[in-house]
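Asks: Below is the sequence, then the predicted model.
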Protein chains: 2
Amino acid sequence: MIKIMALDVDGTITDQNRIICPEAITSIKKGIESGLQISLISGNVIPVMYGLKTFLGINAPVFGENGGIMYYNGSIEKFFDKTKPLEFLEYISSRSLATPYFTNQWRETSAAFSMDPGNEAIVSKEAEKWNLEIVNSKFTWHIMNPGQNKGYAVEILKKMFNANWDEILVVGDSDNDNAMFTLPVKKACPDNATDSLKSISDYVSPESYGYEIGDVMAKFNII
Amino acid sequence: MIKIMALDVDGTITDQNRIICPEAITSIKKGIESGLQISLISGNVIPVMYGLKTFLGINAPVFGENGGIMYYNGSIEKFFDKTKPLEFLEYISSRSLATPYFTNQWRETSAAFSMDPGNEAIVSKEAEKWNLEIVNSKFTWHIMNPGQNKGYAVEILKKMFNANWDEILVVGDSDNDNAMFTLPVKKACPDNATDSLKSISDYVSPESYGYEIGDVMAKFNII
Ligand SMILES: [Ca+2]
Ligand SMILES: [Ca+2]
Ligand SMILES: [Ca+2]
Ligand SMILES: [Ca+2]
Ligand SMILES: [Ca+2]
């Protein structure tokens, strides 16, 4: 029986233009009314996650910066630090390899940037030397600390709600969701997910871009 | 012909639990597809407004802190300053009359707090002495600079899009929308609006909590 449903945001409850799927709002409400704890785990910044929690009626903690930071009940908890990511960003920016992203003013545990695709190899190599990871969210690149990923957030939810692995269902669409999908949890994805994520999912919904939330809930006997 | 539609958020596109009305998302999309510029003007903080702009597909600038700050095209513009509001907040907090609100970490032009209703009279009087205004958004109290209100934001939109007053339609539900509703613009409200706002509206929709957006658009020949 599923106790916790952890959802990626972009491409999982939003469409290809990043607009929230209206039916996902309805499904989330039904899932919560049936007793489910629903969380959101995204690469986005924590004030945006606080807004989404409020406006989608999310009941569990929400996580930003790919699991680096959590908002719950009026409190923010940071699990990682942005000092080294910012130093690295300064380094690659000063060499004209990257441009800082404006949401960095609201980032607390990571740094975001854009770069020309031609610089990807050299920046990846430098990140490795610094023992940092760079992750592409499709909208920006993110500089993450080692161990900072969505799987870390799922483990926090597991402890917080005293759940077993098989009582947790994760839903995502792209490769930055791998860290959740490699845990021994139930895994589902929309039809718009990457082939690699589909290949490790317990269930691939025929629906896409948020329409699959209700379908997945039905599949796992939540609603 | 309506060129610009400026929407309040809470109680206007959300329900009594602050959840986004799914049908409002659909109506906003239709309005924009028909050529409308849609803005959001709220007391909320600018990163939340940035998130709402993204996830609702809003095309015009969005305003936070009751018109004190704007986000558009990756840039933030502040029209007011938080120095004096924060000094006042420190003053009333040190006298145990108020408690700062956690979203202040993301406020740039105002300060938010909660207080016991019994302290309202004394805090209002002190604010007047400081030449500041306190506004109740239903969720928190806000300390605003003189002239900082939603009407200020509407005037910015008017200049930005080179619109006439009668090409602007504002929609809100409560008394912090008065500053928009006292401008010579078209005014509409949901059925859940306050009686005082209804009394100065051009159109009171029979629908509530976001369901009225499509109805209002039809009424003003937008869709
Ligand atoms: Ca995603
Ligand atoms: Ca994401
Ligand atoms: Ca397919
Ligand atoms: Ca309102
Ligand atoms: Ca009524």
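Replies: Structure received. Ligands and ions are numbered 1, 2, ... in the order given.

Asks: Quick one: residues contacting A:Phe88.
Replies: By C-beta atoms under 8 Å, 6 or more residues apart in numbering or on different chains, the contact set of A:Phe88 is A:111, A:126-127, A:130, A:132, A:143. For the C-beta atoms, the positions are set from N, CA and C on the backbone; glycine is no exception.

Asks: Ligand 2 next: which of those residues are close?
Replies: Contacts with ligand 2 within these, as defined by C-beta under 5 Å from the ion: none are present.

Asks: and these, which two are the farthest apart?
Replies: Greatest spatial distance in these: A:Ala111 and A:Glu126, 13.6 Å, computed using C-beta to C-beta.

Asks: Which one's more surrounded, these two?
Replies: Between A:Ala111 and A:Glu126, counted using other C-beta atoms under 10 Å in any protein chain shown, A:Ala111 has the larger neighbour count: 29 against 18.

Asks: Show which residue of chain A lies farthest from the average position.
Replies: In chain A, the residue that sits farthest from the middle, by C-alpha atoms, centre = their mean, is A:Arg95; the gap is 29.7 Å.

Asks: and A:Ala163, how many neighbours does it have?
Replies: A:Ala163: 17 neighbours (other C-beta under 10 Å).

Asks: For the closest residue to it other than its chain neighbours, give me phi and psi.
Replies: Leaving aside its sequence neighbours, A:Ala163 sits nearest to A:Lys3 (C-beta to C-beta, 6 or more residues apart in numbering or on different chains; 4.8 Å). Dihedral pair for A:Lys3: phi -100, psi -40, per degrees, to the nearest 10.

Asks: quick one on the thing from earlier: let me have the contacts of A:Phe88 in a markdown table, extended by distance to B:Ala153, secondary structure and pLDDT.
Replies: Formatted as a markdown table, these follow (distance: C-beta to C-beta, whole Å; DSSP: H, G, I helix; E, B strand; the rest coil; pLDDT from 0 to 100):
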| residue | distance to B:Ala153 | secondary structure | pLDDT |
| --- | --- | --- | --- |
| A:Ala111 | 31 | strand | 98 |
| A:Glu126 | 43 | helix | 98 |
| A:Ala127 | 41 | helix | 98 |
| A:Trp130 | 43 | coil | 98 |
| A:Leu132 | 40 | coil | 98 |
| A:Ile143 | 35 | strand | 98 |
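
Asks: if we take those residues, which one ends up nearest to chain B?
Replies: Set against chain B, the nearest of the contacts of A:Phe88 by C-beta to the nearest C-beta is A:Ala111 (16.0 Å).

Asks: residue contacts, A:Met180?
Replies: Counting by C-beta under 8 Å, 6+ apart, A:Met180 touches A:6, A:8, A:41, A:150-151, A:153-154, A:170, A:172, A:187.

Asks: try 6 Å
Replies: A:150-151, A:154, A:170 (C-beta atoms under 6 Å, 6 or more residues apart in numbering or on different chains).

Asks: Check which residues of the helix or strand where A:Met49 lies are buried.
Replies: In this structure, A:Met49 sits in helix A:46-56 according to DSSP states H and E. Buried residues in helix A:46-56, counted by 16 or more other C-beta atoms under 10 Å in any protein chain shown: A:46-56.

Asks: so A:Asn176 sits right up against A:Asn136, yeah?
Replies: No - using C-beta atoms under 6 Å, A:Asn176 makes no contact with A:Asn136, being 7.6 Å away.

Asks: So which of those two has more stuff around it?
Replies: A:Asn176 (23 against 14).

Asks: would that one count as being in a helix?
Replies: Yes - judged by DSSP: H, G, I helix; E, B strand; the rest coil, A:Asn176 forms part of a helix.

Asks: The closest residue to it other than its chain neighbours: neighbour count?
Replies: Distances taken as C-beta to C-beta, 6+ apart place A:Val135 nearest to A:Asn176, at 5.4 Å, with adjacent residues excluded. Look at A:Val135: counted by other C-beta under 10 Å, it has 19 neighbours.

Asks: Check A:Glu87 too.
Replies: A:Glu87, neighbours per other C-beta under 10 Å, totals 13.

Asks: now swap in A:Thr14 and tell me
Replies: Other residues close to A:Thr14 by other C-beta under 10 Å number 20.

Asks: Not counting sequence-adjacent ones, nearest residue to it?
Replies: A:Ile20 (5.5 Å).

Asks: correct me, but that neighbour touches B:Gly57?
Replies: No - using C-beta under 6 Å, A:Ile20 is not in contact with B:Gly57; the gap is 8.8 Å.

Asks: Which of these two has more residues huddled nearby?
Replies: The neighbour count for A:Ile20 versus B:Gly57, taken as other C-beta under 10 Å, is higher for A:Ile20 (24 against 19).

Asks: Quick check: phi and psi at that one.
Replies: The phi/psi pair for A:Ile20 (degrees, to the nearest 10) is phi -60, psi 130.

Asks: Can I get stretch A:63-72 in PDB, CA atoms only?
Replies: These are the backbone C-alpha positions of stretch A:63-72, laid out as PDB (Å, rounded to 0.1, in the frame of the first residue of the first chain):
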ATOM      1  CA  PHE A  63      12.300  19.700  -1.800                       C
ATOM      2  CA  GLY A  64      14.200  22.100  -4.000                       C
ATOM      3  CA  GLU A  65      17.600  22.100  -5.600                       C
ATOM      4  CA  ASN A  66      17.300  18.400  -6.400                       C
ATOM      5  CA  GLY A  67      16.900  17.400  -2.800                       C
ATOM      6  CA  GLY A  68      19.400  19.900  -1.300                       C
ATOM      7  CA  ILE A  69      16.800  21.800   0.700                       C
ATOM      8  CA  MET A  70      13.300  21.200   2.200                       C
ATOM      9  CA  TYR A  71      10.400  23.300   3.100                       C
ATOM     10  CA  TYR A  72       7.800  22.100   5.600                       C
END
